[in-house]
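Sequence and predicted structure, then a few things I'm wondering about:
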Amino acid sequence: MRLWLVTCPDNFAAEFDDIEEMFRRGLTRLILDKRGRSGDSRATFNDYERWLLSLPMELRDRIWVRGTPDMAEELDVRGCVCDAQSLMGVVPESWKRVNCVAYCKNADEAALPDWVAGALVGPIMQPLSALEKVETLGTSLNVNAKTPVILWGGVDTDTIEDFKKMSPAGVASLGGVWNYADPVNAFIKLNRAVSS
């Protein structure tokens, strides 16, 4: 099982130093998912490009951007995370060469075309980063998909054993790392718990 880290939605002063240290300490998969600079719910291509310029180029091979396959290819990152529905049906052939992870709100959406690399399914538990209570899928969720499943929502050191029982290919965490005063240490502990 692998740990995927989702970026904090808002930029903060030590963010790039923390992320570089996490990469040095074993981070292999980062989902770049930011709010827009102008207050939009989702960052633009220019927002992501500016953000990526603050990290060494060699780290882009471990970054998936929340956007489209075209955006991921243009930003020269490893892949993209996009809504499952946008990957269904007829898609441009160029998308099939991009490492795409589908964002799925339920187990049914995880029935994806063969060329899709993964299914990010959740929230399984109450997300640690959510300000309000959200509807969750629960730890008894049965995802029977050919596509590797990455579970998210409530992933931290206290809940990781519940996630392991579901046998996913990976788990994704946001609040389980960024909600702590020392996110690097929180990442190290969570990464060890995921790997053990």
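Received it, and whenever you're ready, just let me know what you need.

check contacts around the residue nearest to Asp156 when sequence neighbours are not counted.
Distance criterion Cβ to Cβ, 6 or more residues apart in numbering; nearest residue to Asp156, sequence neighbours excluded, is Gly176 at 3.3 Å. Yep, even glycine has a C-beta here, placed from its N, CA and C like the rest. Under the criterion of Cβ atoms under 8 Å, 6 or more residues apart in numbering, the neighbours of Gly176 are Leu128, Gly154, Val155, Asp156, Thr157, Ala186, Leu190.

Could you identify the most distant pair in the residues you listed?
Maximum pairwise distance among the contacts of Gly176 (Cβ to Cβ): 14.5 Å, between Gly154 and Ala186.

okay if I get the contacts of Gly176 as a markdown table plus pLDDT, distance to Thr147 and secondary structure?
As requested, the contacts of Gly176 are exported to a markdown table (pLDDT from 0 to 100; distance: Cβ to Cβ, whole Å; DSSP: H, G, I helix; E, B strand; the rest coil):
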| residue | pLDDT | distance to Thr147 | secondary structure |
| --- | --- | --- | --- |
| Leu128 | 84 | 25 | coil |
| Gly154 | 96 | 22 | coil |
| Val155 | 97 | 19 | coil |
| Asp156 | 96 | 25 | coil |
| Thr157 | 97 | 27 | coil |
| Ala186 | 98 | 29 | helix |
| Leu190 | 98 | 24 | helix |
